[in-house]
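Undergrad: missing the sequence, but the structure's below:
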């Protein structure tokens, strides 16, 4: 990750634009994602935030955790509202009613509000090329409403709507590939990130804002409540997710894939699974299926990256 760790070599802004004292659960990784996002984005930022965990914990009246202009929007339309904000800024600047210059516009949604109910609005934003950064914080289920499955929930994970039983071992389908869907729109920038690698994430946010057009960052953000894990393990879980190849870190730009870190070997996925109650039902055979799927996808990403570097 050396080419991305620009934030490691200079002072990270000390100002907290996502305030402490919000109402997130102990060990909440999505809250870390918002803190890092705003440190990289800075105060000249406008946020459209879909209904979800991060909206609920950050805006309970009469308090608010946001130190930048912030709009709470419906579950499905963060991308649409952010598109309108971006277009409105352009019109106001053209008419001389707003000072010229870059204003960072961000849309934020969880995996439920992005992978599922908000996918149509997101696709429209990406297709039209609005100069907006969409951040999906992915805790792999609808955590705010009771830990229901989403299409970001991984295979065999147990949730309240995909419970593990004798006949069906949890979630029966695989996780939707959000970054690949965004890349298929031929947008200016797509990246995966992880709350356990803050410098990499902040550098990617900085890179996204230096790129015109639509961009998306998909950030892996463990949830102790929904994953039935210890709050003290969230950083370890995030690191294991990338070190096992379950959630690889990479970028897509100008039609090319680049691995943020091309690992020479992957840690066994069992180390990651055993830390979470949502996987306690897994058999040895099911763990082997997960491992094989990870190996195949990681090899596919490595090939894409190597082909891109050869072009």
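TA: Happy to help now that I have it. Every value quoted in this text rests on a predicted model; they were computed, and no experiment measured them.

Undergrad: buried residues, the host helix or strand of residue 303. List them.
TA: Counting by DSSP states H and E, the secondary-structure element that holds residue 303 is helix 284-310. Within helix 284-310, the residues that qualify as buried are 286-287, 290-291, 293-294, 297-298, 301-302, 304-305, 308, counting by 16 or more other C-beta atoms under 10 Å. Every residue, glycine included, has its C-beta placed from N, CA and C.

Undergrad: quick one: contacts for the spatially closest residue to residue 272 that is not a sequence neighbour?
TA: Taking C-beta to C-beta, 6 or more residues apart in numbering, and ignoring the residues beside it in sequence, residue 272 has residue 240 as its nearest neighbour in space, at 4.2 Å. Taking C-beta atoms under 8 Å, 6 or more residues apart in numbering as the contact definition, residue 240 lies against 246, 267, 271, 272, 275.

Undergrad: is it true that the first one touches residue 270?
TA: No. Residue 246 is not in contact with residue 270 according to C-beta atoms under 8 Å; the separation is 11.4 Å.

Undergrad: which of these two has more neighbours?
TA: For residue 246 versus residue 270, neighbours defined as other C-beta atoms under 10 Å are more numerous around residue 246 (22 against 15).

Undergrad: what's the nearest residue to residue 298 if we skip its chain neighbours?
TA: Counting by C-beta to C-beta, 6+ apart, residue 298 lies nearest to residue 245, which is 3.9 Å off, once chain neighbours are set aside.

Undergrad: next, that neighbour: phi, psi?
TA: Main-chain torsions, residue 245, degrees, to the nearest 10: phi 90, psi 0.

Undergrad: pretty sure it sits against residue 299.
TA: No. No contact is recorded between residue 245 and residue 299 when judged using C-beta under 8 Å, the distance being 9.1 Å.

Undergrad: and for residue 54, the neighbour number?
TA: Using other C-beta under 10 Å, residue 54 has 28 neighbouring residues.

Undergrad: ok, the residue nearest to residue 298 to residue 39 distance?
TA: As defined by C-beta to C-beta, to the nearest Å, residue 245 lies at a distance of 28 Å from residue 39.

Undergrad: ok, now residue 246?
TA: Between residue 246 and residue 39 the distance, using C-beta to C-beta, works out to 26 Å.

Undergrad: tell me which stretches of the stretch 51-200 of the chain form helices.
TA: In order along the chain, the stretch 51-200 of the chain carries the following helices (DSSP state H, counting those that start in this stretch): 53-58, 78-94, 111, 119-128, 178-183, 198-209.
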